[in-house]
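Q: Got a predicted structure plus its sequence, pasted below:
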Amino acid sequence: MIVTIPEGVLECLSAGATEDKRPSVVLLHGIQGTATIWKPLLPGLSCLGPVLAPHLRGRAGSYSPDRPDAYGLTGFASDLHTVIAGLHGPVLLVGWSMGCLVSLEYLRIHGSDRLMGLMLVSGTPCIGATGGNDANWFHGDTPERVAREAAQRAKRLQLTETATDVAVAGSWLAVRAADFRDFLPQIDLPTMVLHGSEDSECPVAHASIFARSIPGAQLGIWEGCGHVPMTYAPERFSRAVADFFHICQGCSA
């Protein structure tokens, strides 16, 4: 599926009919991966309604500028706004890793009117939120240094498809300065926070910040799980999404 944005297009993976007026699920990938991380889950989740997983800019067939400064959170949030605007029903937004930050930027700019719920998976409101226990994505402070780290990280997370080096570097240089901690109490959606106890990329302390700061947020810690719960236990993850989807439906009825 192709979504047109002002600068070009976004390629999206989808399941179910997007013109369906039932509630939808939108899945956001992380800083280095693509929507392919969600592909095994799409058929099962499509029983809930339309499911859409956009390749954010700089990934797969989506718009891929060659400037690192084109990969800020505001641009990602604008792209997400276009994706959501094309859906007919309310949306459960599921962000993984950097996808959590994109989700928060979307909410900060565009509000929650089109959403019925929010899932924050393996994420953080601020890379440096826990002092010495920081999110361990990259350490480089220039595009060249981040690009050198990217190959090792992709292997560590078993990513089969990755963003361009420019996209990874630009995304990192943008998100490392983001801080949504003061915004979290303003979130007015049913929220589920899901995190692995053994997440070395984004330690579990970051999930606790979400849980205590977002009103009414539910917290699920998966023992033994690392940074990628949807590949660690895909069936369990799909059930968690489906269960929370139904909770959100009940809240919005």
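A: Happy to help now that I have it. Numbering: from 1, shown residues only.
Q: do you know how far I221 is from M192?
A: 12 Å (C-beta to C-beta, to the nearest Å). All C-beta spots, glycine's among them, are computed from the backbone N, C-alpha and C.
Q: More neighbours: which of those two?
A: M192 (25 against 15; other C-beta atoms under 10 Å).
Q: Make sure I have this right: the more buried one is in a strand.
A: Yes. Membership of M192 in a strand is supported by DSSP: H, G, I helix; E, B strand; the rest coil.
Q: That one against G216, yeah?
A: No. Contact criterion C-beta atoms under 8 Å: M192 and G216 do not qualify, at 10.4 Å.
Q: Identify each of the strands in this protein and give its residue range.
A: 2-5, 8-15, 24-28, 51-54, 91-96, 115-121, 191-196, 218-222 (DSSP state E).
Q: okay, and the helix or strand of the chain with the least pLDDT?
A: The weakest-scoring helix or strand in the chain, judged by mean pLDDT, DSSP states H and E, is helix 143-156 (a mean of 80).
Q: how about that one: buried residues?
A: In terms of neighbour count (16 or more other C-beta atoms under 10 Å), helix 143-156 has its buried residues at 143, 146-147, 149-150, 153-154.
Q: From H246, how far out is F237?
A: 15 Å.
Q: And for G75?
A: G75 sits 33 Å away from H246, going by C-beta to C-beta.
Q: what about the two, which has more around it?
A: Looking at G75 and H246 with other C-beta under 10 Å, you find the greater number of neighbours at G75, namely 23 against 13.
Q: And that one, how far from P68?
A: 12 Å.
Q: Next: S24.
A: 32 Å.
Q: one step back: looking at the buried residues of helix 143-156, which one is closest to E19?
A: Closest approach to E19 among the buried residues of helix 143-156 (C-beta to C-beta): A154, at 35.4 Å.
Q: Once you drop chain neighbours, what's closest to the closest one?
A: T162 (5.0 Å; C-beta to C-beta, 6 or more residues apart in numbering).
Q: and that neighbour, what pLDDT?
A: T162 carries a pLDDT value of 81.
Q: With L41 instead?
A: 98.
Q: Tell me, how many residues neighbour the closest residue to it other than its chain neighbours?
A: The spatial neighbour of L41 that comes closest, neighbours along the chain excluded (C-beta to C-beta, 6+ apart), is S238 at 5.4 Å. For S238, the count of nearby residues is 19 (other C-beta under 10 Å).
Q: List the residues that contact R108.
A: Listed by C-beta atoms under 8 Å, 6 or more residues apart in numbering, the contact set of R108 reads 77, 180, 183.
Q: which helix in the chain runs the most residues?
A: Ranked by residue count under DSSP state H, the longest helix found in the chain is helix 234-252.
Q: Could you pull up the mean pLDDT of it?
A: 94.
Q: buried stuff in it?
A: Applying 16+ other C-beta under 10 Å to helix 234-252 flags 237-238, 240-242, 244-245, 247-249 as buried.
Q: Flag the shaky bits of the chain, pLDDT-wise.
A: Under the criterion pLDDT under 70, the flagged ranges of the chain are 129-133, 136, 252-253.
Q: who touches the residue positioned nearest the centre of it in this structure?
A: Centroid-nearest residue in the chain: G99, 2.0 Å away (criterion: C-alpha atoms, centre = their mean). Contact analysis of G99 by C-beta under 8 Å, 6+ apart lists 27-30, 121, 123.
Q: can you list those residues in JSON lines and add distance to G8?
A: Formatted as JSON lines, the contacts of G99 follow (distance: C-beta to C-beta, whole Å):
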{"residue": "L27", "distance to G8": "21"}
{"residue": "L28", "distance to G8": "19"}
{"residue": "H29", "distance to G8": "18"}
{"residue": "G30", "distance to G8": "22"}
{"residue": "V121", "distance to G8": "28"}
{"residue": "G123", "distance to G8": "27"}
